[in-house]
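In: A predicted structure for the sequence below; I have some questions about it.
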Amino acid sequence: MTRQDAIQLFLLSALWGVAFVLIKLSGEVFPPVWVAFLRCFFGALVLWGALILGKNALPPKELWVWLVLVAFFNNV
């Protein structure tokens, strides 16, 4: 394992662990529906940022209906 791999693994672990702490804290402050909404909102922001930084394009509009359906059923 290279040093860069170790740093990336550490950052991934830190982000993963912080998510559970934030869920616990937000569960005490917000109702469950708001916690789910906020998680989706901030997740979308992170993914949007990764899309822009990676200079990738959005999927074609023909796939959007299917992607929304998959996202909906995965969250249910």
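Out: Received, thanks.
In: most centrally placed residue in the chain?
Out: When CA atoms, centre = their mean is applied to the chain, the residue found nearest the centroid is residue 43 (3.1 Å).
In: which outside residues touch the helix or strand residue 40 falls within?
Out: In this structure, residue 40 is located in helix 32-53 according to DSSP states H and E. With CB atoms under 8 Å, 6 or more residues apart in numbering as the test, helix 32-53 has contacts from 23, 26-27, 30, 58, 75. Glycine gets a C-beta too; all of them are placed from N, C-alpha and C.
In: now, the most widely separated pair of the residues you listed?
Out: Spanning the widest gap among the contacts of helix 32-53 are 27 and 58, at 32.3 Å by CB to CB.
In: quick check: longest helix of this structure.
Out: Longest helix of the chain, by residue count under DSSP state H: helix 3-29.
In: Kindly calculate the angle that it makes with helix 32-53.
Out: Put simply, helix 3-29 runs at 150 degrees to helix 32-53, going by axes from the mean of the first three to the mean of the last three CA atoms, to 10 degrees.
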